[in-house]
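J.: model this:
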Amino acid sequence: MRHELKFTTALAAALLAAGCGKSRDDADGWVAQGDTAVCTDRSGNRVADSQCARQSHVGGVSPFLWYFLARNAMIPPYGERVGGGSYARAPGRAYRFAPAATQVTRAGAISRGGFGASARSFGSGRS
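T.: Numbers count the residues shown, from 1 in each chain. Presented below is the predicted three-dimensional model:
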């Protein structure tokens, strides 16, 4: 019976490790399927592409810059720092805009209440 239990535990651990790990694109954003341009603010955080398309200049300097990512680079959500690319366009490459599915912000933690939020006043009438 012990031998059977070890086999079941080992098999479950292997399946868990193989099937439940986050894929590369689930960790921080999406993987660029081709050369992709995203818009950033001066701090290097991604913003809506419409900000760069407007080219609103303040004092002759645009507050937004295009950032160029190569194929298979991570496309971060809005507000996240870009990386793995360059502000200089690589010669001879045709860049596309990031897909609409990547035009999101990362959600913060959501508080659902539950016993932690209400247990203090449960039953006694005082908190």
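
J.: quick one, helices of the protein?
T.: Counting by DSSP state H, the chain has helices at residues 2-19, 24-27, 49-54, 115-118.

J.: neighbours of Cys52, just the number please.
T.: For Cys52, the neighbour count with other C-beta atoms under 10 Å is 21. The way it works is simple: take the backbone N, C-alpha and C, and place the C-beta from them, glycine included.

J.: Tell me, how many residues neighbour the nearest residue to it once chain neighbours are set aside?
T.: Once flanking residues are discounted, Cys52 sits nearest to Cys39: 3.7 Å by C-beta to C-beta, 6 or more residues apart in numbering. Using other C-beta under 10 Å, the number of residues around Cys39 comes to 21.

J.: How much space separates Cys39 from Gly92?
T.: Per C-beta to C-beta, to the nearest Å, Cys39 is found 22 Å from Gly92.

J.: again, but for Arg42
T.: Taken as C-beta to C-beta, the span from Arg42 to Gly92 is 28 Å.

J.: Which residue of these two possesses the greater neighbour count?
T.: For Arg42 versus Gly92, neighbours defined as other C-beta under 10 Å are more numerous around Arg42 (10 against 5).

J.: residues contacting the residue nearest to Cys52?
T.: Residues in contact with Cys39 (C-beta atoms under 8 Å, 6 or more residues apart in numbering) are Arg46, Val47, Ala48, Asp49, Ser50, Gln51, Cys52, Ala53, Phe64, Leu65, Trp66, Tyr67.

J.: buried subset of those?
T.: The neighbour count (16 or more other C-beta atoms under 10 Å) marks Arg46, Val47, Asp49, Gln51, Cys52, Phe64, Leu65, Trp66, Tyr67 as buried among those.

J.: can I get those in TSV with distance to Val82 and pLDDT?
T.: Output for the buried ones among the contacts of Cys39, formatted as TSV (distance: C-beta to C-beta, whole Å; pLDDT from 0 to 100):
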residue	distance to Val82	pLDDT
Arg46	6	96
Val47	10	95
Asp49	13	93
Gln51	13	91
Cys52	12	91
Phe64	12	93
Leu65	10	94
Trp66	10	95
Tyr67	5	97
